[in-house]
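**Q** Predicted model and sequence below, questions to follow.
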Amino acid sequence: MTLTPKKAHDSLIQMTELVLPNDTNTFGNLMGGRLMYWMDIAAALACMKHCAAPVVTASVDNISFENPIKLGNVVHIEAIVTRAFTTSIEVHMKVWGEDPVLQYRYKSNEAFMTFVALDPNGKSRPVPPVVAESEEEKKLFEGALRRRQLRLILGGKMKPADAGELKALFYEQQ
Ligand SMILES: CCCCCCCCCCCCCCCC(=O)SCCNC(=O)CCNC(=O)[C@H](O)C(C)(C)COP(=O)(O)OP(=O)(O)OC[C@H]1O[C@@H](n2cnc3c(N)ncnc32)[C@H](O)[C@@H]1OP(=O)(O)O
């Protein structure tokens, strides 16, 4: 089956949330788990925009929380697909906090998640290729193959010996 390629930019999701008391820990900061929940939804919506099918989260790459987000601050999440493989799609997310009174933004974190598209029987189904246009989209597209190999090795789905893209980074061609 040949699927029509779609622009990365057309998948963009911008989500805004307000940090309320029920979202925070005892320090008055947004709980990491609540942020990951919002990121999961934003990323899934970007994937669904891309592939027009239900998706499930297959994996979440490393997430580092650079700055706490305070009670009463705003969370901005941008999610965009970077590359599609056969049935899976990688999504890149950027997260900022914002003080809505003092009106400044600060970076919270960045992350990659991978989703798999499902057919009506719950089986994985093919997804359209991604067309990367901007310099940033091209850079993300280009790195996606290496990130995929790394996460499949860590997830026990690929043997390190088969990770050609990663090996090319570390070994010179003979
Ligand atoms: C009633 C209808 C409503 C419809 C309207 C829906 C509305 C919806 C709104 C959604 C908004 C919220 C969305 C939240 C989404 C969740 O939170 S979903 C819940 C959490 N996730 C899960 O439960 C998923 C559980 N895992 C699985 O089902 C299966 O392991 C998976 C992910 C489908 C993969 O299955 P598998 O048999 O291992 O598949 P396999 O054929 O080997 O590989 C398929 C693809 O998965 C990739 N893959 C497998 N493992 C990994 C891994 N660890 N890392 C990366 N990729 C992997 C493979 O590389 C392969 O990719 P391609 O090479 O085809 O591109």
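**A** Yep, that arrived.

**Q** Disregarding flanking residues, what is the spatial nearest neighbour of Ala8?
**A** Nearest non-adjacent residue to Ala8, counting by Cβ to Cβ, 6 or more residues apart in numbering: Glu137, 4.6 Å away. (C-beta placed from N, C-alpha, C; glycine too.)

**Q** was I right about the one you found contacting Val81?
**A** No: the criterion here is Cβ atoms under 8 Å, and Glu137 misses it with Val81 at 9.3 Å.

**Q** Between the two, point out the one with more neighbours.
**A** Val81 (32 against 20; other Cβ atoms under 10 Å).

**Q** Figure out the helix or strand that that one lives in.
**A** Per DSSP states H and E: Val81 is located in strand 74-84.

**Q** sorry, back to before: report the contact partners of the residue nearest to Ala8.
**A** Contact analysis of Glu137 by Cβ atoms under 8 Å, 6 or more residues apart in numbering lists 8-9, 80, 82.

**Q** Likewise for Asn109?
**A** Neighbours of Asn109 in contact, by Cβ under 8 Å, 6+ apart: 35, 63-66, 95.

**Q** which parts of the strand or helix carrying it are buried?
**A** Taking DSSP H and E as the definition, Asn109 sits inside strand 104-117. By neighbour count on 16 or more other Cβ atoms under 10 Å, the buried set for strand 104-117 is 108-109, 111-117.

**Q** which outside residues touch stretch 8-17?
**A** Contacts of stretch 8-17 (Cβ under 8 Å, 6+ apart): 38, 41-43, 45-47, 49-50, 74-82, 91, 130-134, 137, 140-141.

**Q** at 6 Å instead, please
**A** Outside stretch 8-17, the residues that touch it by Cβ atoms under 6 Å, 6 or more residues apart in numbering are 38, 42, 45-46, 49-50, 75-81, 130, 132, 137.

**Q** For that stretch, list the C-alpha coordinates in CSV.
**A** Taking C-alpha atoms only, stretch 8-17 is exported to CSV below (Å, rounded to 0.1, in the frame of the first residue of the first chain):
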residue,chain,number,x,y,z
ALA,A,8,5.7,17.4,9.3
HIS,A,9,4.4,20.9,10.0
ASP,A,10,0.8,19.8,9.3
SER,A,11,0.9,17.6,12.4
LEU,A,12,1.8,20.4,14.8
ILE,A,13,-0.1,20.4,18.1
GLN,A,14,0.1,23.3,20.5
MET,A,15,-1.4,22.5,23.9
THR,A,16,-1.8,25.0,26.8
GLU,A,17,-2.6,24.0,30.4
